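Peer 1: Here you go, sequence then predicted model.
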Amino acid sequence: MLKLGHKEEAKTRFEKLIDFGDKHLNEAIKLNYFAVSLPDLLIWENDLTYRNKIHCHYMIRLGLLGMGDNEKAKFHLAQAARMDVNHRGEQVHL
């Protein structure tokens, strides 16, 4: 949107990323037993709440980068990278 010159629409999208991350960052994730991916989740036994925190830090970071707030974005990069050194999105930005 920025490259197309739609600054307000881009800003709205960046704010939505930040708002999503803020809203869900401390959310406890519970398994939906009717989910199609249930077998995968049982095999890998991921801590879904932990994975959600990483994802939320990443979403917040993307929004902050878009808004040009690089200092706050660095904080969320550090948080996500500390929690998962193999996070693909964070590796791209590192």
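Peer 2: Perfect, I can see it now.

Peer 1: Lowest-scoring secondary structure element of this structure by mean pLDDT?
Peer 2: The helix or strand of the chain with the lowest confidence, counting by mean pLDDT, DSSP states H and E, is helix 38-44 at a mean of 58.

Peer 1: Return the residues in contact with the residue nearest to residue 15 when sequence neighbours are not counted.
Peer 2: Leaving aside its chain neighbours, residue 15 sits nearest to residue 63 (6.6 Å; criterion: Cβ to Cβ, 6 or more residues apart in numbering). Quick note: C-beta positions are derived from backbone N, CA and C, even for glycine. Shown in contact with residue 63 (Cβ atoms under 8 Å, 6 or more residues apart in numbering): 14, 15, 16, 17, 18, 19, 21.

Peer 1: Which strand or helix spans residue 63?
Peer 2: helix 48-67 (DSSP states H and E).

Peer 1: buried sites along the helix or strand just after that helix?
Peer 2: Going down the chain from helix 48-67, the next helix or strand is helix 70-83, by DSSP H and E. Buried residues in helix 70-83, defined by neighbour count with 16 or more other Cβ atoms under 10 Å: 73, 76, 77, 79, 80, 81.

Peer 1: May I see these organised as JSON lines, with distance to residue 26 and pLDDT added?
Peer 2: Putting these into JSON lines (distance: Cβ to Cβ, whole Å; pLDDT from 0 to 100) gives the following:
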{"residue": "73", "distance to residue 26": "20", "pLDDT": "94"}
{"residue": "76", "distance to residue 26": "14", "pLDDT": "93"}
{"residue": "77", "distance to residue 26": "19", "pLDDT": "90"}
{"residue": "79", "distance to residue 26": "13", "pLDDT": "92"}
{"residue": "80", "distance to residue 26": "15", "pLDDT": "91"}
{"residue": "81", "distance to residue 26": "19", "pLDDT": "88"}
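
Peer 1: Among the residues you listed, which one sits closest to residue 55?
Peer 2: residue 80 (8.2 Å; Cβ to Cβ).

Peer 1: pretty sure that closest one contacts residue 61?
Peer 2: Yes - contact criterion Cβ atoms under 8 Å: residue 80 and residue 61 qualify, at 6.8 Å.

Peer 1: now residue 2: how far from residue 15?
Peer 2: In this view, residue 2 and residue 15 are 14 Å apart by Cβ to Cβ, to the nearest Å.

Peer 1: Please consider this matter closed, and thank you.
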